[in-house]
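**Student:** Please work out how this folds:
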Amino acid sequence: MIRILLADDHAVVRKGLQLFIGYEDNLQLMGEASDGEELLEMIQEKEADILLLDLDMPKMNGITAIRKIKEIAPELKIIVLTMHPEDIYGKTALQMGASGYMIKDEEPKKLVSAINRVYEGEQIFSEELLSNKKKYKPIKLSQREIEVLKLLSTGKSNKDISEELEISDKTVSTYKLRLLNKIGGKSVVDLINFASNYPQILQGKK
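**Tutor:** Model (predicted):
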């Protein structure tokens, strides 16, 4: 029997997943969470094999949750189940320790197959992402980039940062572009998520 945990803030989605999991003889739903805090509490209280995890949750986003889950329950396998295409968050999910990445509009039978395959030790990502896994290099930031990222992660505006670091707005924008290029991000939200996921970089550690 494969024991399943489910984390999604939409009750309709949870109900649908609950129903199709109930149709499978070898799957058992052990618990549900609607936000990041509930999820962490559930993981500490219930034993399970696989977590189906949405990325967009209140109180803690899914990417940050993966990092914390791997600290609390390293053996728990995580399948990200989201509406975001893999090319946006797939690489980060893989690097953080997720075992699979699926889009919510997939057929239920594909998710059931993914659950069984992940349980057996497979990774469910695109072939392109898996083939490039070994090519990923550690992200190195300059001291100034770290300073800018720290301030961005606290919600500071370009103007605030330029005044605090005594540099021009244009220079701040240049650093933001450099940071986005280095992490493969598209917005300040991606930079904030990166800072949350890799706090050691903000401390100047590798």
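**Student:** How are the helices of this protein distributed by residue range?
**Tutor:** 11-23, 36-45, 62-72, 86-96, 108-119, 127-131, 143-153, 158-165, 169-183, 188-197, 199-202 (DSSP state H).
**Student:** Residues touching the third one, excluding its own?
**Tutor:** Right, the one you point to is helix 62-72. Here helix 62-72 makes contact (Cβ atoms under 8 Å, 6 or more residues apart in numbering) with 7, 36, 39-40, 43-44, 51, 53-57, 60, 76, 78, 80, 82, 89, 92-93, 96-98, 193, 196-197. (Glycine included, C-beta is placed from N, CA and C.)
**Student:** Run the chain-centre distance for it.
**Tutor:** 8 Å (Cα atoms, centre = their mean, to the nearest Å).
**Student:** swap in the longest one?
**Tutor:** With Cα atoms, centre = their mean as the basis, helix 169-183 stands 23 Å off its chain's centre.
**Student:** CA atoms of it as CSV?
**Tutor:** The C-alpha coordinates for helix 169-183 follow below in CSV (Å, rounded to 0.1, in the frame of the first residue of the first chain):
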residue,chain,number,x,y,z
ASP,A,169,18.8,53.2,-9.7
LYS,A,170,20.2,52.1,-13.0
THR,A,171,23.0,50.1,-11.3
VAL,A,172,20.4,48.4,-9.1
SER,A,173,18.5,47.4,-12.2
THR,A,174,21.7,46.0,-13.7
TYR,A,175,22.3,43.9,-10.7
LYS,A,176,18.7,42.6,-10.8
LEU,A,177,19.1,41.5,-14.4
ARG,A,178,22.4,39.8,-13.5
LEU,A,179,20.7,37.9,-10.7
LEU,A,180,17.8,36.9,-12.8
ASN,A,181,20.1,35.6,-15.5
LYS,A,182,22.2,33.6,-13.0
ILE,A,183,19.2,31.9,-11.4
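**Student:** ok, and for it, which residues are buried?
**Tutor:** Thr171, Val172, Tyr175, Lys176, Leu179, Leu180, Lys182, Ile183 (16 or more other Cβ atoms under 10 Å).
**Student:** ok so, going back, list buried residues within the contacts of helix 62-72.
**Tutor:** 7, 36, 39-40, 43, 51, 53-55, 57, 60, 76, 78, 80, 82, 89, 92-93, 96, 98, 193, 197.
**Student:** Okay, the nearest residue to Ala11 once chain neighbours are set aside and Asp9: tell me how far apart.
**Tutor:** In this structure, Ala11 finds its nearest non-sequential neighbour in Ser34, 7.4 Å apart by Cβ to Cβ, 6 or more residues apart in numbering. For Ser34, the distance to Asp9 equals 5 Å [Cβ to Cβ, to the nearest Å].
**Student:** Any stretches of this structure with poor pLDDT?
**Tutor:** The model of the chain has pLDDT under 70 over residues 132-139, 197-200, 203-206.
**Student:** dump the residue contacts of Leu29.
**Tutor:** Neighbours of Leu29 in contact, by Cβ under 8 Å, 6+ apart: Ile4, Leu5, Leu6, Leu17, Gln18, Ile21, Gly22.
**Student:** Thank you kindly, that will do.
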